[in-house]
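Q: Curious how this folds, go ahead:
(one chain, ligands or ions: 1)
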Amino acid sequence: MQTKKAVLARRPQGEPKVSDFTIVEADLPPLEDGQVLIEVEHLSIDAFIRTTLDGPQGHHGTMDLGTPVTALGVGRVLDSRFDGLQQGDATFGPFGAQTRTVVPGNMLRKLDESAVPARAYLGALGMTTGLTAYAGMICVGEVKEGDTVVVSAAAGAVGCIACQIAKIKGARVIGIAGGQEKCDFLVNEMGCDAAVDYKAGHVAEALAAAAPDGLDLFFDNVGGEILDAALDNMAKGARVVICGAISQYNDLQHVRGPSLYLRIPERNARMLGFTVDHYASEFATMESDLAGWIADGKLSMPEHIVEGIEQFPDAIVMLMNGGNRGKLLVAP
Ligand SMILES: NC(=O)c1ccc[n+]([C@@H]2O[C@H](COP(=O)([O-])OP(=O)(O)OC[C@H]3O[C@@H](n4cnc5c(N)ncnc54)[C@H](OP(=O)(O)O)[C@@H]3O)[C@@H](O)[C@H]2O)c1
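A: Residues are numbered from 1 along each chain as shown. Next up, the predicted model:
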């Protein structure tokens with residue numbers, strides 16, 4: 001049995017390029033006791049993958065050259081020598097960028113496909129997407145009815161869910177995204193009350209126009225200049241939630257911090273960061289709430305699916321360039 005992998009050929013300098021990766025074929029080892037053979041069905045393209053491509057300075061850890069790129073995925077059991085899993089079961093695990101893999105069964109989660117397809121566990125119910133948006137918006141940001149909420153990278157995976165959760169909780173929601181098409185999508189399909197195109201410039205002025213009384217909660221996925229524009233527009237007592245800072249991930253040696261951080265004491269505001277795994281004890285509740293909103297038709301996850309493991313490097317480049325709308329997945 002063979003597998004095809006997308007491996008890291010060289011560490012990217014700045015923006016990742018397709019030529020930083022290579023596609024290789026390899027034989028899989030025979031199954032040993034406790035292991036399962038998995039056919040990978042979908043791989044999650046996440047912003048954190050970019051930081052793992054760096055050396056030890058990558059803030060989500062690093063990966064070795066010549067190994068499959070770090071990626072979470074869902075896959076089907078082709079063969080099992082692990083008691084808890086049978087042929088045909090859908091599973092979630094850290095499969096890496098490859099078509100098939102042999103892994104210890106105890107590393108995997110068996111998925112319930114009765115209400116949602118397996119790939120939903122990478123998207124709306126995924127740790128790095130739906131659960132992250134929930135943790136940031138509800139547990140950290142404490143969103144409440146009547147809040148004016150701003151979300152950056154709002155048309156991306158975490159952003160789409162964060163906007164919809166804020167709407168479900170009764171907030172007025174403004175999404176920030178790159179380009180008019182994504183802004184129209186946020187207003188017409190994600191239920192945002194307004195959207196700001198950061199590529200058109202003057203983000204602080206556009207936020208002031210969209211939220212004349214200031215913003216109560218800023219859910220930040222981007223950092224850099226967009227964070228400053230939001231800090232400049234905070235209402236008194238605002239909460240700023242640092243979920244991520246994708247604008248900084250191509251050069252972690254020179255991270256640009258917020259120059260307007262003095263707005264925090266001026267406005268009696270708070271800035272809080274989080275990692276989703278810190279909320280692991282609440283994952284079951286979060287998943288149940290998210291699944292309930294999906295069943296009620298209140299929450300949806302737009303997907304952008306790229307076919308073929310050969311396209312995995314292009315998908316990484318696409319995510320960093322904003323080519324995706326909603327959850328970016330590779331079907332290897
Ligand atoms: N705290 C946690 O535990 C945790 C867990 C998971 C993810 N995250 C964070 O969540 C954020 C979103 O991740 P995701 O995987 O869902 O990716 P995503 O939002 O689906 O895709 C990334 C988006 O970021 C935008 N972007 C890229 N470079 C940008 C720049 N220089 N300036 C402004 N926008 C830029 C692009 O949209 P545009 O077209 O709008 O530019 C792109 O579509 C990331 O910051 C990630 O690190 C945090």
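Q: Going by C-alpha atoms from here, please, whenever you check contacts or count neighbours.
A: Noted.
Q: what helices or strands is the helix or strand of the chain with the lowest mean pLDDT leaning on?
A: The helix or strand of the chain with the poorest confidence is helix 47-52; it has a mean of 94 (mean pLDDT, DSSP states H and E). With contacts taken as 3 or more C-alpha pairs under 8 Å, 6 or more residues apart in numbering; DSSP states H and E, helix 47-52 sits against helix 312-321.
Q: and the chain, which of its residues are near the ligand?
A: 46-48, 128-129, 132, 153, 155-159, 177-178, 221-222, 243-247, 274-276, 319-324, 326-327 (C-alpha under 6 Å from any ligand atom).
Q: Which among those residues count as buried?
A: Buried members of these, scored by 16 or more other C-alpha atoms under 10 Å, are 46-48, 128-129, 132, 153, 155-159, 177-178, 221-222, 243-247, 274, 276, 319-320, 324, 326-327.
Q: ok, how many other residues are close to residue 107?
A: If you count neighbours by other C-alpha atoms under 10 Å, residue 107 ends up with 12.
Q: Just the buried ones among the residues of the chain next to the ligand: which are in helices?
A: Among those, the members found in helices (DSSP state H) are 47-48, 132, 157-159, 319-320.
Q: Which two of these have the greatest separation?
A: Spatial extent of these (C-alpha to C-alpha) is set by the pair 132 and 320 at 18.6 Å.
Q: Contacts only, for the closest residue to residue 260 other than its chain neighbours.
A: The shortest distance from residue 260 to any non-neighbouring residue, by C-alpha to C-alpha, 6 or more residues apart in numbering, is to residue 228 (5.7 Å). Shown in contact with residue 228 (C-alpha atoms under 8 Å, 6 or more residues apart in numbering): 258-261.
Q: and which of those residues is nearest to the ligand?
A: residue 258 (14.1 Å; C-alpha to the nearest ligand atom).
Q: The closest one contacts residue 226, correct?
A: No. In this structure, residue 258 is not within contact of residue 226 by C-alpha atoms under 8 Å, at 9.1 Å.
Q: Would you state the strands of the stretch 101-250 of the chain in chain order?
A: 109-110, 148-151, 172-177, 194-197, 215-220, 234-242 (DSSP state E, counting those that start in this stretch).
Q: Can you list the strands that the next helix or strand after the least confident helix or strand of the chain pairs with?
A: Sequence order places strand 73-80 as the next helix or strand after helix 47-52, per DSSP states H and E. As defined by DSSP bridges, the strand partners of strand 73-80 come to strand 35-44 (antiparallel), strand 90-93 (antiparallel).
Q: most neighbours per residue, which of those?
A: Most buried of these by mean neighbour count (mean count of other C-alpha atoms under 10 Å) is strand 35-44; its value is a mean of 26.
Q: Tell me which residues are up against that strand.
A: 31, 71-82, 85, 95-105, 119, 122, 328-332.
Q: repeat that with 6 Å
A: 72-82, 99-105, 329-331 (C-alpha atoms under 6 Å, 6 or more residues apart in numbering).
Q: again with stretch 170-177
A: So stretch 170-177 is contacted by 145-154, 192-197 (C-alpha under 6 Å, 6+ apart).
Q: Please check those residues and keep the buried ones.
A: Of the contacts of stretch 170-177, these count as buried by 16+ other C-alpha under 10 Å: 147-154, 192-197.
Q: Please consider this matter closed, and thank you.
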